[in-house]
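[1] structure for this input, please:
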Amino acid sequence: MGIVNVTPDSFSDGGRYLNHERALSHARGMLTAGASIVDVGGESTRPGAERVSLDDELARVIPLVRDLAADGVAVSVDTMRAPVARAAIDAGAKIINDVSGGLADPEMLTVVADSSADYVVMHWREHSATMQQGPRYDDVVADVVSELLAQRDAAVEAGIAPERVILDPGLGFSKTWDHNWTLLRHLNVFQKLGHRVLVGASRKAFLGELLGGREPLGRDGATAALSFWSALHDVWAVRTHDVSGQSDAIAVARRLAREGAVDLSGGVTH
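    Reported below is the predicted structural model:
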């Protein structure tokens with residue numbers, strides 16, 4: 001899932017793709033590099049980000065969705081707003097990627113339920129402006145699973161078929177760096193929940209911390225390592241800024257898995 005941020009303030013590439021033609025060209029380049037889905041977002045959800053107006057988000061996102069969908073591209077839209085989701089679906093989006101998992105806008109679940117779009121339910125507690133102010137868990141894996149399943153249940157009860165639901169553990173959202181690593185070590189737990197799993201680790205701050213404070217554009221190698229790890233766990237998709245490197249890492253993981261079931265404690269079992 002290749003990321004196209006049509007925003008001025010995203011942590012990694014804010015402002016680079018505000019121009020419509022540049023964003024369209026970038027999306028097409030990602031498809032050539034191996035992306036299966038293009039994820040379009042018009043509102044930054046980096047830690048500390050303030051919300052943008054509805055009108056601004058619509059103006060940034062919908063023209064790009066419409067043009068990509070007209071080309072036959074599988075488009076996902078990263079939004080927490082029901083009106084944006086509705087307009088994106090009408091413009092041809094096939095997936096709504098809601099980082100709030102239905103908690104930010106009470107109308108979101110109804111909008112998705114009334115469509116045929118798939119729905120990404122991400123684990124979420126609060127908006128970006130405050131989400132990193134001391135997140136606490138008794139057991140981060142158990143707590144995230146419990147809260148995520150409650151969000152999933154709400155989506156299903158609203159009328160979204162279970163097979164349309166995709167789960168995302170929400171790396172970097174109300175999580176410390178250690179929380180992120182613990183969740184990644186337990187991807188198998190999320191894989192057992194009966195839904196497709198999306199992992200979004202691309203260029204995030206916990207990778208920068210691991211690499212001695214490296215800036216976002218220098219984190220693609222570490223992101224590829226996590227894409228490799230995710231592929232070994234057979235996740236449905238990784239959401240990434242760097243499609244080419246992730247495609248290579250996933251190809252290697254799949255080739256190794258062809259030799260037999262991968263023993264994640266070390267080696268390969270037959």
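[2] show me where this protein has helices.
    Using DSSP state H, the helices of the chain run over 20-33, 54-70, 82-91, 108-113, 140-157, 177-185, 187-191, 205-210, 220-232, 243-257.
[3] closest to V199 out of these?
    With Cβ to Cβ, the closest approach to V199 among the helices of the chain belongs to helix 220-232: 4.6 Å. Bear in mind the C-beta positions are built from the backbone N, C-alpha and C, glycine included.
[4] starting at the chain centroid, how far to the closest one?
    Taking Cα atoms, centre = their mean, to the nearest Å, the mean C-alpha location of helix 220-232 is offset from the chain mean by 14 Å.
[5] one step back: got TSV for the helices of the chain, with distance to V99, mean neighbour count and mean pLDDT too?
    Putting these into TSV (distance: least, Cβ to Cβ, whole Å; neighbours: other Cβ atoms under 10 Å; pLDDT from 0 to 100) gives the following:
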stretch	distance to V99	mean neighbour count	mean pLDDT
helix 20-33	20	16	93
helix 54-70	13	18	95
helix 82-91	12	21	98
helix 108-113	11	22	98
helix 140-157	11	17	98
helix 177-185	15	17	97
helix 187-191	16	16	97
helix 205-210	16	18	96
helix 220-232	18	20	97
helix 243-257	20	17	95
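[6] can you lay out the ones you listed as CSV showing distance to W124?
    Listed next are the helices of the chain as CSV, based on distance: least, Cβ to Cβ, whole Å:
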stretch, distance to W124
helix 20-33, 25
helix 54-70, 18
helix 82-91, 15
helix 108-113, 12
helix 140-157, 8
helix 177-185, 14
helix 187-191, 15
helix 205-210, 17
helix 220-232, 20
helix 243-257, 24
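[7] so for G101, which of these sits nearest?
    For these, proximity to G101 was assessed by Cβ to Cβ; helix 140-157 is nearest, at 4.0 Å.
[8] mind listing residues that contact the closest one?
    Outside helix 140-157, the residues within contact range by Cβ atoms under 8 Å, 6 or more residues apart in numbering are 101-103, 109, 112-113, 119, 121-125, 137, 162, 165, 167, 169-170, 175, 179, 182-183, 186, 189-190, 193, 195.
[9] now with 7 Å?
    101-103, 109, 119, 121, 123, 137, 162, 165, 167, 169, 179, 182-183, 186, 189, 193 (Cβ atoms under 7 Å, 6 or more residues apart in numbering).
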